[in-house]
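> Sequence and predicted model, in that order:
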Amino acid sequence: MPEQAQRRAPMGESPQKPPEDDHALEELRHLIVAPEQEGIAEIRERMDNRERRAEDVSSVVAEAIQMRRDQGDDRALAEALAPTIQETLRESVRRDPHVLADALFPVMGPAIRRSITETLRSMLESFNEALEHSLSARGIQWRIESFRTGRPFAEIVLMHSLLYRAEQIFLIHRETGLVLSHVVAPAVAIQDPSMVAGMLSAIQQFVKDSFDSKRGDTLGSMDVGDLHVWIEEGPDTVIAGVIRGHAPASYRLALKEALESIQQRYASALDNFQGDSGPFRAAGEQLTHLLEAQYKEKESKRKAPRAAIAAGALVLAVVVALLIVWGYTRSEWEKFADSLRQQPGLVVTSAAKSGGKFRVEGFRDPFAADPNELLAQAGLNARKADLEFKPFYSMDDAMVTKRAANLLVPPAGVQLSASAGTLHASGSAPLKWIAHFEDRALWVPGVAAIDTSKLQDADTSALESMVLTFPVGSAEIEPGQESSLFQAASKIRLILSQASNGNEIPGIEIVGHTDTTGAEGTNLLLSDQRADHVRGILLRAGIQPANLRPRGVGTSMPLRSEATDADRHLNRSVTFKVIFSPAAPGN
């Protein structure tokens, strides 16, 4: 086997593949493995790049939150997002409290008005009880106290006759702060229960965070003016009683017993609470028993002598008269406050009786009506008013218009008006004032854009309205038009001088016209001669030839249709037209 012996490698040498086989094997490996290696490298680069990771997450975060909510796991999602949202709100309020105030404004206004309405209704319902004390010596004493302190008589009666009254009871879910049940005594002004519950929960959390209290420590009570809020906490619920007066210690025990009973009765509903307060409606009956009140024992009534009755009746009549006068006066002051709110440029932030005076606070634009003058026009006593208005710039259209007129001083033929931040100018004005308007109008506070589409140059309009007439077949101006030529020359000089610093160069076109009598070729030549004749007069008046452009139009541009000889006479004329052309670069 001689050929096989020749193909064997020499002893001691390792066999080597030919270079062609290595290249083919490398190409095969690249074809098989390269796509996976490129994909792995792409994944590694995406995982190492924070910006690309953030972009990938941002494209699916909304779908992920929706998917988690569809799975019925809202509670875990809320617990995860709550700290971030709370910190965001806290930081937003710290940087700019007005943002949150503006957001709450639509809610707070109706709530305040509702509270005032309910308070007035409660006072009227207490009037019958007040009448019971009006004819007694003690009632007169309380009436004097009412005038001395400025507090309503019904409130004085309630203060002296009431030991305590539980006005509202809140049952709140401890973890979420949602209202499970809420009961309120008759004739008691109330706020939104959900808002109050949220505030109580926030105050509890604030106390725990601020004073480093232990986990089991809670806020047991707090005072808000004449009201006391007693709070008891259970494992899953919180009960809060709003009390007027001084309740005995036994009432707190009643709160605890009610809380324990509710905790036991609704244990299953509390364990599975998902935000629906429906299962707890029946708890309102149990809470209603806590709305108790206790009054001082009334002294035995003695038959009042006739003199006391007469004195009481007199006092009552005086009081009723004073109440009528007081009500009328207050109504007049409230009408005055409403009239101030209707005035453009005036913003009323508060209007209330304070220290025997009607105090009004707010902001006033420098061009708004003077509140003191409005007070005099209303016929009210200025000594019983305390008006304090701080200056500010109002964005009302009327104020912006007055402000612009004061700064720009428009001529008699110009009208200014503002709407939605745009200052409109209409009418006829000199070119110099138009340039002043375009340059200074945007300086006016409240003006973001200007509109001059209805504003005309008075000098240009005056020049273009001039007509110089000619006899039939003549290129010489009719006698008696020297003053018109002088006025035309003056207007041209004024237009040229006012536009000398602008970006456009004005040109005065002198247009010659003829009537329809005669051949068209002759008429066109005659119109050229008329335009050249007027040009020559203007040149002798000192107008530069570069600014004058004579042009004959024959019968092609008649001023009137020739129905009468007067119409044909007007067509035998020369008119002027101002043309602006862009200035050459560098000029």
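Great, that's in hand. Residues are numbered from 1 along each chain as shown.
> how about the helix ranked longest in the chain: buried residues?
For the chain, the helix that runs over the most residues, judged by DSSP state H, is helix 306-342. The neighbour-count criterion (16 or more other Cβ atoms under 10 Å) identifies G312, V315, L316, V319, W333, F336, A337, S339, L340 as the buried residues of helix 306-342. (C-beta placed from N, C-alpha, C; glycine too.)
> Which parts of the stretch 101-250 of the chain are helices?
127-132, 137-149, 153-161, 193-210, 249-265 (DSSP state H, counting those that start in this stretch).
> Kindly report which one of the ones you listed carries the lowest mean pLDDT.
Among the helices of the stretch 101-250 of the chain, helix 127-132 carries the lowest mean pLDDT, a mean of 51.
> thinking again about what came up before, what average pLDDT does the longest helix of the chain get?
This predicted structure assigns helix 306-342 an average pLDDT of 76.
> other SSEs contacting it?
On a contact count with 3 or more Cβ pairs under 8 Å, 6 or more residues apart in numbering; DSSP states H and E, helix 306-342 meets helix 137-149, strand 346-354, strand 357-364, helix 371-377.
> quick one: A404 from A475, how far?
Summarising the geometry, the distance separating A404 from A475, computed by Cβ to Cβ, to the nearest Å, is 50 Å.
> could you point out where the stretch 351-500 of the chain is predicted with low confidence?
Per-residue confidence of the stretch 351-500 of the chain (counting by pLDDT under 70) places the weak regions at 499-500.
> residue ranges of the strands in it, please?
357-364, 385-391, 414-419, 422-429, 449-457, 467-469 (DSSP state E, counting those that start in this stretch).
> quick one on the thing from earlier: what's the most buried one of the helices and strands packed on helix 306-342?
Between the helices and strands packed on helix 306-342, strand 357-364 has the highest mean count of neighbours, a mean of 18, where neighbours are mean count of other Cβ atoms under 10 Å.
> can you point me to the longest strand in this protein?
Of all segments of type strand in the chain, defined using DSSP state E, the longest is strand 162-173.
> since we're on the nearest residue to S419 once chain neighbours are set aside, how many residues are nearby?
Excluding the flanking residues, the one nearest S419 by Cβ to Cβ, 6 or more residues apart in numbering is D397, at 5.5 Å. In terms of burial, D397 registers 17 neighbours under the definition other Cβ atoms under 10 Å.
> Just confirm D397 contacts L416, I think it does.
No - taking Cβ atoms under 8 Å as the definition, D397 is not a contact partner of L416, at 10.8 Å.
> coming back round to it: got a markdown table for the strands of the stretch 351-500 of the chain, with distance to N571 too?
Putting the strands of the stretch 351-500 of the chain into a markdown table (distance: least, Cβ to Cβ, whole Å) gives the following:
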| stretch | distance to N571 |
| --- | --- |
| strand 357-364 | 61 |
| strand 385-391 | 62 |
| strand 414-419 | 34 |
| strand 422-429 | 26 |
| strand 449-457 | 25 |
| strand 467-469 | 9 |
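> Which one of those strands lies nearest to D226?
With Cβ to Cβ as the measure, strand 357-364 is the member of the strands of the stretch 351-500 of the chain nearest D226 (23.3 Å).
> Show me what the closest one is packed against.
Taking 3+ Cβ pairs under 8 Å, 6+ apart as contact, the helices and strands that strand 357-364 lies on are helix 306-342, strand 346-354, strand 385-391.
> what about it, distance to the chain center?
The gap between where strand 357-364 is centred and where its chain is centred comes out at 22 Å by Cα atoms, centre = their mean, to the nearest Å.
> same question, stretch 395-410
Computed by Cα atoms, centre = their mean, the separation of stretch 395-410 from the middle of its chain amounts to 21 Å.
> cool, and stretch 261-274?
Average the C-alpha atoms of stretch 261-274, do the same for its chain, and the two points are 44 Å apart (Cα atoms, centre = their mean).
> Stretch 511-525 too?
Counting by Cα atoms, centre = their mean, stretch 511-525 comes out at 65 Å from the chain centroid.
> Any idea how far apart the tips of it sit?
12 Å (Cα to Cα, to the nearest Å).
> Buried residues, that stretch. List them.
Those would be V511, G512, H513, T514, D515, N523, L524, L525, for stretch 511-525 by 16+ other Cβ under 10 Å.
> can you list the domains in this structure?
When the chain is parsed into structural domains using automatic domain parsing, the resulting residue ranges are 76-117, 118-267+286-291, 321-391, 397-456, 466-582.
> mind putting these in TSV, distance to R29 included?
Formatted as TSV, the entries for these read as follows, by distance: least, Cβ to Cβ, whole Å:
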stretch	distance to R29
domain 76-117	48
domain 118-267+286-291	62
domain 321-391	80
domain 397-456	68
domain 466-582	71
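> List just the one of the ones you listed that sits closest to G278.
Comparing the domains of the chain by their distance to G278 (Cβ to Cβ), the top pick is domain 118-267+286-291, with 9.8 Å.
> D515 touches D565, doesn't it?
No - D515 is beyond contact range of D565, at 9.5 Å (criterion: Cβ under 8 Å).
> okay but Y393 is in contact with V444, surely?
No - the pair Y393 and V444 does not pass the contact test of Cβ under 8 Å, sitting 9.7 Å apart.
> hmm, back to that, quick one: which of A404 and A475 has more around it?
With other Cβ under 10 Å as the criterion, A404 and A475 differ in neighbour count, and A404 comes out ahead with 25 against 18.
> so who does the residue nearest to S419 touch?
Each residue near D397 by Cβ atoms under 8 Å, 6 or more residues apart in numbering is listed here: P344, S417, A418, S419, A420.
> now the angle from the longest helix of the chain to strand 357-364?
Using axes from the mean of the first three to the mean of the last three Cα atoms, to 10 degrees, the interaxial angle of helix 306-342 with respect to strand 357-364 works out to 10 degrees.
> Could you list which residues are in contact with Q456?
Residues G427, S428, A429 are the ones in contact with Q456 under the rule Cβ under 8 Å, 6+ apart.
> any idea how far the last one is from S465?
Meaning A429. Per Cβ to Cβ, A429 is found 16 Å from S465.
> who has more neighbours, the two?
Here A429 and S465 are set side by side on neighbour count (other Cβ under 10 Å), and the busier one is A429, at 23 against 9.
> pretty sure the more buried one contacts V409?
No - with contact defined as Cβ under 8 Å, A429 does not reach V409; the gap is 10.9 Å.
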